[in-house]
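Asker: quick one, fold the following:
(one chain, ligands or ions: 1)
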Amino acid sequence: MKVEDRIIVPLDVPSKEDAIALVEQLPEVSFWKVGLELFVSTGSEIIHTLKHRQKRIFLDLKFHDIPNTVAGATRVAAAYGVDLITIHAVAGRNALKRAAEAAVEGALTAGCPPPKLIGITLLTSLNSRDLAFDLKIPIELPEFVLQMALLAQESGLNGAVCSPMEVSQLRQVCGDDFLLVCPGVRPQWSEKGDQRRAMTPLAALQAGADYLVIGRPITAADDPVAAWNRICEELAGTGV
Ligand SMILES: O=C(O)c1cc(=O)[nH]c(=O)n1[C@@H]1O[C@H](COP(=O)(O)O)[C@@H](O)[C@H]1O
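Answerer: Alright, predicted model coming up:
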């Protein structure tokens, strides 16, 4: 796969019109993420629009609820024929298992390939201080992320979302077939914003990420096309 096809750009915009404008501005982006803001605004309409344009879709609704509710939502989401769906690993083993089964059922009923279900380990906007002092979780951050990834893997999920800082450890422990998706990716020339565990695109891919999620460095740039090209050029010829 070309390195550009491993970059997922989030459509973190409030309307379908804004989303389509971005998709048309960046025709070389093949993989788009639909998250909470856009989905709350447009519902499934945006999914159909992106599919019609032959784009791959990461439906990032970060399910976190009791097993029955999570399974129901995952079944419906899988029937859209999207490529990736997120669920919080802290929803627990039963919720993850039920979601994994529901993803297959939903896709089967709709006659589309099942999505890859990936578990959120620890949001990349949190750091070890947040984990210890606010969430009161008494283990080291890399260990917590690893445990959440293992819980996702044991429960039948296809992969995990982690920051680039944990990706090499997860790759080593979870193996090559476990999909690792990294947000919290920042080129050296961009603002970190609310991301707390960020690394550059090249460092994240070298550490073993399958996919990178890169939003504001591209979408909030004065010239999004130039920012996208700059990221691709920085990766070209590096062997990742
Ligand atoms: O699931 C995600 O995609 C996600 C998980 C996470 O831990 N951190 C995180 O930033 N994200 C998403 O990745 C995107 C990052 O966007 P930027 O910070 O603008 O690059 C946003 O759409 C977030 O919702």
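Asker: now Val9. Nearest residue, chain neighbours left out?
Answerer: Among residues not flanking Val9 along the chain, Val29 sits closest, at 4.9 Å (CB to CB, 6 or more residues apart in numbering). Every C-beta, even on glycine, is put in place using the N, C-alpha and C of the backbone.
Asker: next one: Pro138
Answerer: Sequence neighbours aside, Ala132 is the residue nearest to Pro138 in space, at 7.2 Å (criterion: CB to CB, 6+ apart).
Asker: hmm, Ile139 and the one you found touching each other?
Answerer: No - taking contacts as CB atoms under 8 Å, Ala132 lies outside contact range of Ile139: 9.0 Å.
Asker: what segments of the chain are helices?
Answerer: For the chain, the helices defined by DSSP state H occupy 16-25, 36-42, 45-52, 67-78, 93-110, 128-129, 141-154, 167-174, 201-207, 216-219, 224-235.
Asker: next, the residues that contact the longest strand along the chain from outside, please.
Answerer: Identified as the longest strand of the chain according to DSSP state E is strand 56-63. Residues outside strand 56-63 that contact it (CB atoms under 8 Å, 6 or more residues apart in numbering) are 8, 10, 30-36, 39, 47, 50-51, 70, 73-74, 77, 80, 82-88, 91, 95, 99, 115, 120, 181, 213.
Asker: what's near enough to touch the residue nearest to Val9?
Answerer: Residues near Val29 by CB under 8 Å, 6+ apart: Glu4, Ile7, Val9, Val23, Lys55, Trp228.
Asker: and those residues as TSV, adding neighbour count and distance to Leu61?
Answerer: Formatted as TSV, those follow (neighbours: other CB atoms under 10 Å; distance: CB to CB, whole Å):
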residue	neighbour count	distance to Leu61
Glu4	16	25
Ile7	23	21
Val9	23	17
Val23	18	19
Lys55	15	17
Trp228	22	25
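Asker: any chance of those in JSON lines, with distance to Met199 too?
Answerer: Below are those laid out as JSON lines (distance: CB to CB, whole Å):
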{"residue": "Glu4", "distance to Met199": "19"}
{"residue": "Ile7", "distance to Met199": "14"}
{"residue": "Val9", "distance to Met199": "18"}
{"residue": "Val23", "distance to Met199": "27"}
{"residue": "Lys55", "distance to Met199": "26"}
{"residue": "Trp228", "distance to Met199": "19"}
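Asker: pick out the residue of this structure closest to the ligand.
Answerer: Gly215 (2.6 Å; CB to the nearest ligand atom).
Asker: wait, that residue touches Pro10, no?
Answerer: Yes - the criterion here is CB under 8 Å, and Gly215 meets it with Pro10 at 4.3 Å.
Asker: mind listing the shared neighbours of these two?
Answerer: Contact with both Gly215 and Pro10 is made by residues Lys33, according to CB under 8 Å, 6+ apart.
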